[in-house]
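Undergrad: what follows is a predicted structure for the sequence shown.
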Amino acid sequence: MKTARLTLDPAFRIGAIDRRLFGSFVEHMGRCVYTGIYEPGHPEADDLGLRQDVAQLTRELGVSVVRYPGGNFVSNHRWEDGVGPRETRPTRLDLAWRSIETNQFGLGEYMAWIRQVGAEPMLAVNLGTRGLAEAIELLEYCNYPGGTQLSDLRVKHGDADPYGVKLWCLGNEMDGPWQIGHLTAYEYGRRAAETANAMRRLDPTIELVACGSSNRQMSTFGAWEATVLEQCYDLVDYVSMHAYYEEHDGDLDSFLASAVDMDAFIDEVIATADHVKAKLRSKKRLRISFDEWNVWYQKRFPGEAVLEWQHAPRLIEDEFSVADAVVVGSYLISLLSHADRVAVGCQAQLANTIAPIRTEPGGPAWRQTTFYPFAQAARFARGDALRVEAVSPQMDTAAYGPVPVVHAAASYDAENGRIALFVVNRDRTGPVELSVDVRSFGPLRIDSHLVLADSDVRATNNQAEPRRVVPRDGSGSGLDSGKLTVTLPPTSWNVIELATAPAV
Ligand code: AHR
């Protein structure tokens with residue numbers, strides 16, 4: 001059997017894990033909102049039309065923050081259309097996804113749903129077809145207590161208390177030619193700076209995200225971040241990152257290793273932000289909002305230009321396999337390994353649209369394979385992220401060259417004496433015996449070893465078989481004289497939970 005080793009030590013601290021690393025994303029795209037989280041008339045829907053089966057799964061997933069309402073959708077969206085009496089809300093054309101938008105779900109419904117699922121709101125403003133004026137109007141409607149036209153309108157609409165939305169995205173993917181109102185880096189940097197300045201004047205407690213590149217393959221990547229941040233560095237708190245990955249031409253090994261690309265992408269954005277910091281002599285250390293990431297089989301999507309105008313069409317409802325779930329686990333490991341600089345992470349999206357939760361109109365909701373690594377990381381990664389420095393056998397990949405077979409991250413919650421180790425075995429050919437030096441922690445006990453793996457890495461969950469793939473208890477783990485030994489099945493996601501307190 002192949003072997004690997006790593007050391008866990010509380011002194012190897014990367015940084016505190018921000019709870020907002022385990023965020024999600026609800027966009028008015030496909031069926032994420034309509035027949036996803038919201039479906040009036042569904043047997044599980046409450047008075048507002050919010051599906052309680054989906055709300056329950058969202059709580060189980062453990063999402064901390066949910067970005068809304070887009071995505072590309074936001075760049076031609078009028079927030080006023082989605083507030084007030086539903087019977088007077090206009091039906092409009094959403095140019096981003098060539099969809100019919102009824103506006104029956106809007107800001108008030110989102111805030112009600114956010115409260116139900118116990119998450120923090122994160123709103124994006126439209127800097128495509130709109131700009132500064134509408135951004136501050138939206139902020140006034142949301143966060144100003146009352147006594148002005150727009151704050152009183154919110155009160156009139158039933159929400160006496162201000163929403164207190166702290167996290168705001170200054171537009172979405174403004175570097176992308178597909179974006180409605182796409183801008184050059186300089187144009188966007190200026191617009192972001194002026195919008196940020198005005199929004200901060202209205203509410204100095206907010207935190208702002210400037211758009212980074214839409215992906216690492218953009219020809220403008222790097223230059224975009226540098227130019228944008230030179231305009232708005234001291235006025236924003238985060239720069240965004242977006243990344244989607246898929247398996248190309250049956251090359252599963254490269255896909256299983258794709259977190260290598262995510263790591264490099266994060267490092268490059270950090271380097272660019274730090275370069276601007278030096279150039280501007282700024283004291284601020286910018287952090288990252290990785291507010292769209294996931295597996296997405298983009299080659300199966302014909303592109304928005306050819307879509308028929310429809311309300312809530314079935315768009316990019318990818319059915320995720322065991323291999324996809326292992327890769328999602330690897331992305332979570334990448335995020336945890338950058339906990340000192342990545343503050344916010346949003347898996348895109350929450351329901352139906354490349355999502356961990358799937359639903360049928362009038363029918364059930366179920367967990368995709370990718371639900372499990374996310375839910376477990378959100379539950380067990382507490383306290384500080386620890387550097388693990390795994391010494392691992394390598395595997396050759398066409399896309400990334402030699403890559404370590406074992407990919408790992410760890411967290412240590414000193415207050416509660418809990419350690420969690422997250423490990424992916426990328427090797428499809430066999431198990432790996434991992435030995436972990438845990439002597440620095442003193443006496444420990446193993447509380448659990450959870451595994452997501454299957455003899456069929458293409459196995460999925462679906463309506464007919466919603467529990468075909470579920471996590472199970474691992475076998476072959478042991479702890480002796482400060483050495484933890486774990487057997488990692490081939491192509492697997494593993495969570496090992498340890499406790500410093502003796503068992504009672
Ligand atoms: O999540 C789907 C889409 O991907 C989002 O609308 C956009 O921001 C990104 O390109």
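TA: Thanks, I have the structure now.

Undergrad: name the residue of this structure that lies nearest to the ligand.
TA: residue 71 (3.1 Å; CB to the nearest ligand atom). C-beta here means a position set from N, CA and C on the backbone, and glycine is covered the same way.

Undergrad: which residues does that residue contact?
TA: The neighbourhood of residue 71, defined by CB atoms under 8 Å, 6 or more residues apart in numbering, consists of 25, 27, 28, 29, 96, 124, 172, 292, 348, 349.

Undergrad: tell me the residues of this protein that contact the ligand?
TA: Counting by CB under 6 Å from any ligand atom, the chain comes close to the ligand at 27, 29, 70, 71, 72, 172, 173, 214, 292, 348, 349.

Undergrad: helices of this protein, start to end?
TA: Counting by DSSP state H, one finds helices in the chain at the ranges 52-61, 107-117, 132-143, 149-156, 185-202, 223-232, 252-256, 259-280, 322-337, 371-380.

Undergrad: returning to what we had before: where's the residue of the chain closest to the ligand relative to residue 281, distance?
TA: Taking CB to CB, to the nearest Å as the measure, residue 71 falls 35 Å from residue 281.

Undergrad: again with residue 7
TA: 38 Å.

Undergrad: comparing these two, which shows the higher neighbour count?
TA: Neighbours per residue, other CB atoms under 10 Å: of residue 7 and residue 281, the larger number sits with residue 7, 18 against 6.

Undergrad: now do that one, the pLDDT please.
TA: According to the prediction, residue 7 has pLDDT 97.

Undergrad: next one: residue 475
TA: pLDDT, read off for residue 475, is 88.

Undergrad: before we move on, the earlier item: check contacts around the nearest residue to the residue of the chain closest to the ligand once chain neighbours are set aside.
TA: The spatially closest residue to residue 71, leaving aside those adjacent along the chain, is residue 27, at 3.5 Å (CB to CB, 6 or more residues apart in numbering). Contact criterion CB under 8 Å, 6+ apart gives 33, 68, 69, 70, 71, 72, 73, 348, 349, 353 as the residues in contact with residue 27.

Undergrad: what's the PyMOL line that selects buried ones from these?
TA: Only the buried entries of these go into this PyMOL selection, using 16 or more other CB atoms under 10 Å:
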select buried, resi 33+68+69+70+71+72+73+348+349+353
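
Undergrad: now render the contacts of residue 27 as TSV, adding pLDDT and distance to residue 313.
TA: Listed next are the contacts of residue 27 as TSV, based on pLDDT from 0 to 100; distance: CB to CB, whole Å:
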residue	pLDDT	distance to residue 313
33	98	12
68	98	19
69	98	17
70	97	16
71	97	15
72	98	15
73	98	13
348	98	18
349	97	14
353	97	10
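
Undergrad: and which of the contacts of residue 27 is nearest to residue 489?
TA: Of all the contacts of residue 27, the one with the least separation from residue 489 (CB to CB) is residue 348, at 28.3 Å.

Undergrad: surely the closest one meets residue 29?
TA: No. Residue 348 is not in contact with residue 29 according to CB atoms under 8 Å; the separation is 9.4 Å.

Undergrad: mind checking how far residue 162 is from residue 26?
TA: 21 Å.

Undergrad: which of these two has more neighbours?
TA: Taking residue 162 and residue 26 together and counting by other CB under 10 Å, residue 26 has the greater number of neighbours (31 against 17).

Undergrad: got the contact list for residue 381?
TA: Under the criterion of CB under 8 Å, 6+ apart, the neighbours of residue 381 are 17, 21, 22, 332, 336, 409, 411, 420, 422.

Undergrad: could you find the closest non-adjacent residue to it?
TA: Of all residues beyond its chain neighbours, the one nearest residue 381 is residue 411 (4.4 Å), with distances taken as CB to CB, 6+ apart.

Undergrad: can you count the residues close to that neighbour?
TA: In terms of burial, residue 411 registers 23 neighbours under the definition other CB under 10 Å.

Undergrad: partner strands of the helix or strand bottoming out on mean pLDDT in the chain and their direction?
TA: One helix or strand of the chain scores below all others by mean pLDDT, DSSP states H and E: strand 478-480, with a mean of 94. Partner strands and pairing direction for strand 478-480 (DSSP bridges) are strand 483-488 (antiparallel).

Undergrad: low-confidence ranges, the protein, go.
TA: Low-confidence segments of the chain (pLDDT under 70): 501-504.

Undergrad: mind running it again at 90?
TA: Within the chain, the stretches falling below the threshold (pLDDT under 90) are 302-306, 389, 475-477, 501-504.

Undergrad: run a quick neighbour tally on residue 269.
TA: The number of residues packed around residue 269, counting by other CB under 10 Å, is 26.

Undergrad: hey, which of the helices of the chain is tucked in deepest?
TA: Stretch with highest mean neighbour count among those: helix 322-337 (a mean of 26; mean count of other CB atoms under 10 Å).
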